[in-house]
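>>> show me the folded form of this:
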Amino acid sequence: MQLLLVTLIAICPLTYASTWRQLSSNAPWSGRSDPQLVELHGKRILLGGHENRNYYNDVWESADGGRLWRQLLLSAPLAPHSYRMAKCQNGHVFLMGGHNAGTWFNDVWSSEDGLSWEQITSNAESWQPRAAAALQIRGADGQMFLMGGSTSFLKPIGNGTVLNDVWASRDAGK
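Numbering: from 1, shown residues only. This next block holds a predicted model:
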């Protein structure tokens with residue numbers, strides 16, 4: 001255990017998480033909860049989110065780490081959403097699942113640049129629609145792992161189920 005801790009400290013010094021500085025006090029995108037943020041080709045890409053019942057499908061990018069932002073798309077071809085899962089692998093961002101108010105998704109989308117989006121599937125038949133799940137993409141072979149999430153709003157708002165399933169895909173989420 002001590003060797004593991006020393007290795008982790010060497011890879012990710014603890015000071016990275018203890019010191020914060022504000023990069024922007026008023027970014028040009030509207031205030032929102034639960035967007036996704038990924039790094040694609042050295043740029044930060046902000047995707048979706050919501051403010052109460054107002055769900056977004058806009059796409060923003062920052063080339064300087066988060067100080068300045070530029071809108072790539074006012075309305076991406078995917079539904080406005082929140083609580084989606086997003087990760088980057090091999091020069092593509094993958095975006096899947098999530099919800100917008102009463103609609104829960106099990107779709108999978110991909111983009112090389114944040115501008116052009118390809119729908120890999122509108123209905124990943126294997127796993128049920130969900131939001132707030134964990135997504136991991138293994139670097140060596142690009143295998144995707146999707147774990148958990150919820151099927152609807154949870155109590156006291158709704159009667160959704162919290163999931164404890166694990167899914168894997170070797171074909172980019174198809």
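>>> without its sequence neighbours, what residue ends up closest to A79?
Spatial nearest neighbour of A79, chain neighbours left out: N100 (5.8 Å); criterion: CB to CB, 6 or more residues apart in numbering. For the C-beta atoms, the positions are set from N, CA and C on the backbone; glycine is no exception.
>>> nope, M96 is what I meant
Excluding its sequence neighbours, the residue lying closest to M96 (CB to CB, 6+ apart) is V108, at 4.5 Å.
>>> got the residue ranges for the helices in the chain?
Counting by DSSP state H, the chain has these helices, from start to end: 2-11, 15-18.
>>> lowest average confidence across these, which one?
When those are ranked by mean pLDDT, helix 2-11 comes last with a mean of 46.
>>> distance from the chain centre to stretch 44-61, please.
The gap between the average C-alpha position of stretch 44-61 and the chain average comes to 11 Å, counting by CA atoms, centre = their mean, to the nearest Å.
>>> sorry, that was for stretch 38-55
Stretch 38-55 sits 8 Å away from the centroid of its parent chain (CA atoms, centre = their mean).
>>> cool, and stretch 98-107?
For stretch 98-107, the distance from its own C-alpha centre to the chain's C-alpha centre is 14 Å (CA atoms, centre = their mean).
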